[in-house]
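Peer 1: how would this look folded up:
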Amino acid sequence: MEFEPVIGLEVHAQLLTESKIFSSASTKFGSKPNSQVTPVCLGMPGVLPVFNKKALEFAVKAGLATNCEISEESRFARKNYFYPDLPKGYQISQYDMPLCQFGKLDIKCEGYEKTIRITRIHLEEDAGKLIHEDSETESYVDLNRAGVPLIEIVSEPDISTSEEAVEYVKKLRNILKYIGVCDGNMEEGSLRCDANISVRPKGEKKLGTKAEIKNINSFRFIQKAIDYEIKRQITSIQNGEKVAQETRLFDSEKGVTFSMRSKEEAHDYRYFPDPDLLPVLVSKEYINNLKVSLPELPDQKLQRFTEKLLLSKNDAGILTSSKPLSDYFEKCLKYLDNPKVVSNWIINELLSVLDDEDKIGEFQVKPKDMAKLLELTENGKINGKIAKEIFPEMISSGKSADTIVEEKNLSQITDQSEIETTIKDIIEANPKEAQRYSEGEEKLLGFFVGQIMKETKGKANPKIVNEILKRLLGSN
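Peer 2: Predicted coordinates:
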């Protein structure tokens, strides 16, 4: 019997507000444990939450950017459960009246396109964090994360493979970063994913029993966790066992999922409207104003790069995969209006030395200096080989391309008489190779070009070299 997986994802994204969703405590990452808390975060008696308006703005933007309908009225609810990192005994979230609904994202995966529907996007507060590493017998609680604003983006079970899941999360992360509502840092927990996975016989319409894999924090782990869980469930069914509805965790070192607890149902959480928070009302004017304020999104930018700048879809896809990278590219174009040349250099040279493309704003070679280097090759002052030698020095020294060319006397030799004299000397020194070339061994042209470049320390203009060389050798 063949089986097919059915996968739905719940992506939690931390919003880039300076303070928490219901208190004035800072959201800064990496601070001393329990140093960023208020009585509201700690769940002290008698304190009242105050809703952060910026969190609402960011959540609405996320909904608009993912093609959601924005609810003019939504409501916060209390999700009741007991856990040591939840001092109030409940989490403030949204349940039956979410802020955003009925969205979708189009993804491309292994040569085909697919639409993944988004059920809802709702606001909620994060819980604290339990720390187990410092002791074998005790756990410690850090409440700095308690109350940090999140949006939970819930997909329909439209995902069929781990590859599709990764592409969906990548695209979602890119959009959230483009619109400036989440930094997408998965290592720090700013973006994490829960995967709901079930399998069923191929062609069957009824869904199988699902397991939820919690808190997966990298693209590689998303793929590994889903692939393992699919195989685990299929093996269980083939062995005559029942798949349990449960919450599981992924052990990244062993590459396996393991049971954490039985899966709760909605009624287990005893959701009810939070009596301390009024309904969230947003006007059509507010929504429209935020819609107008959205920046150009990745798909729109990709279309412009291919249609107006005439880049290939592959090159445009690489450049738009990160907003800082696409911004760097477009800043270069302000100084050198040659999209193909700039694109090729960024993709083939710059990205080979850049560890994190999102940090390109900190890169030593600024767009103006990059454009100047390419301009020197375009106007023939240096050739491509010299440019590739200059580039690492620009990175290490911070000097401009002009300065390095002048200091090292690297200007390209374009004087035809000088080049012709060198070529005649090379031909005279290699009569056998010249004879073989004239007899039809055309690959020897590369040998002569190499000798000439060696003699001129790579400074001879390649185009002029080839023209004169073919004339003097007798072009075949």
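Peer 1: what number of residues lie near residue 366?
Peer 2: Around residue 366 sit 17 other residues, with neighbours defined as other Cβ atoms under 10 Å. C-beta: built from backbone N, CA, C; applies to glycine.
Peer 1: Can you give me the end-to-end span of stretch 291-308?
Peer 2: Terminal residues of stretch 291-308 are spaced 24 Å apart (Cα to Cα, to the nearest Å).
Peer 1: can you list the residues that contact it?
Peer 2: 61, 64-65, 106, 171, 174-175, 178-180, 311-313, 315-317, 319-321, 323, 326, 339 (Cβ atoms under 8 Å, 6 or more residues apart in numbering).
Peer 1: Among those, name the buried ones.
Peer 2: Among the contacts of stretch 291-308, those classed as buried by 16 or more other Cβ atoms under 10 Å are 61, 64-65, 171, 174-175, 178-179, 311, 315-316, 319-321, 323, 326, 339.
Peer 1: How far off centre is the helix or strand hosting residue 288?
Peer 2: Here residue 288 sits within helix 284-293, counting by DSSP states H and E. Helix 284-293 sits 26 Å away from the centroid of its parent chain (Cα atoms, centre = their mean, to the nearest Å).
Peer 1: And it, what's buried?
Peer 2: Those would be 287, 290, for helix 284-293 by 16+ other Cβ under 10 Å.
Peer 1: wouldn't residue 168 be in contact with residue 104 here?
Peer 2: No: with contacts defined as Cβ atoms under 8 Å, residue 168 does not count as touching residue 104, sitting 10.8 Å away.
Peer 1: Would you mind grabbing the residues shared as contacts by the two?
Peer 2: What both residue 168 and residue 104 touch, as defined by Cβ under 8 Å, 6+ apart, is the set residue 116.
Peer 1: More neighbours: these two, which one.
Peer 2: When neighbours are counted by other Cβ under 10 Å, residue 168 comes out ahead of the other of residue 168 and residue 104, with 26 against 14.
Peer 1: which secondary structure element contains the more buried one?
Peer 2: helix 162-178.
Peer 1: Please spell out which residues along that helix are buried.
Peer 2: So for helix 162-178, counting by 16+ other Cβ under 10 Å, buried means 162-169, 171-178.
Peer 1: Extract the CA atoms of that helix and return them as CSV.
Peer 2: The C-alpha trace of helix 162-178 is given here as CSV (Å, rounded to 0.1, in the frame of the first residue of the first chain):
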residue,chain,number,x,y,z
SER,A,162,9.3,18.1,3.6
GLU,A,163,10.7,20.0,0.6
GLU,A,164,7.5,22.0,0.2
ALA,A,165,7.4,22.7,3.9
VAL,A,166,10.9,24.2,3.8
GLU,A,167,10.1,26.3,0.7
TYR,A,168,6.9,27.6,2.4
VAL,A,169,8.8,28.6,5.6
LYS,A,170,11.6,30.2,3.6
LYS,A,171,9.2,32.3,1.6
LEU,A,172,7.2,33.2,4.7
ARG,A,173,10.4,34.2,6.5
ASN,A,174,11.6,36.3,3.6
ILE,A,175,8.2,38.2,3.4
LEU,A,176,8.3,38.9,7.1
LYS,A,177,11.8,40.3,6.8
TYR,A,178,11.0,42.3,3.7
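Peer 1: residue ranges with poor pLDDT in the chain?
Peer 2: Applying pLDDT under 70 to the chain flags the ranges 263-264, 266, 475-476.
Peer 1: So which of the contacts of stretch 291-308 belong to helices?
Peer 2: 61, 64-65, 171, 174-175, 178, 313, 315-317, 319, 323, 326, 339 (DSSP state H).
Peer 1: Not counting its own residues, what contacts stretch 94-105?
Peer 2: With contact meaning Cβ under 8 Å, 6+ apart, stretch 94-105 is reached by 56, 59-60, 62-63, 66-71, 73-77, 79, 115-124, 168, 171-172, 175, 266, 271, 279-280.
Peer 1: can you do 7 Å?
Peer 2: Residues outside stretch 94-105 that contact it (Cβ atoms under 7 Å, 6 or more residues apart in numbering) are 59-60, 63, 66-71, 73-77, 115-118, 120-124, 168, 171-172, 271, 280.
Peer 1: same thing with stretch 64-74?
Peer 2: By Cβ under 7 Å, 6+ apart, stretch 64-74 touches 60, 63, 94, 97-105, 118, 121, 175, 179, 279-282, 287, 290-291, 294, 297.
Peer 1: What's the PyMOL line that selects buried ones from those?
Peer 2: Of the contacts of stretch 64-74, the buried ones go into a single PyMOL selection, burial set by 16+ other Cβ under 10 Å:
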select buried, resi 60+63+94+97+98+99+100+101+103+105+118+121+175+179+280+282+287+290+297
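Peer 1: what's the domain layout of the protein?
Peer 2: Domain segmentation of the chain under automatic domain parsing yields 3-286, 296-407, 416-473.
Peer 1: What residues of the longest strand anywhere in the chain count as buried?
Peer 2: Using DSSP state E to define each element, the chain has its longest strand at strand 112-125. Across strand 112-125, burial judged by 16+ other Cβ under 10 Å covers 114, 116, 118-125.
Peer 1: How about stretch 449-469?
Peer 2: Using 16+ other Cβ under 10 Å as the test for burial, stretch 449-469 gives 449, 451-453, 456, 458-461, 464-465, 468-469.
Peer 1: what does that stretch contact?
Peer 2: Contacts to stretch 449-469, defined as Cβ under 7 Å, 6+ apart, come from residues 380, 383, 385-386, 410, 412-414, 416, 419-420, 422-423, 426, 445, 448.
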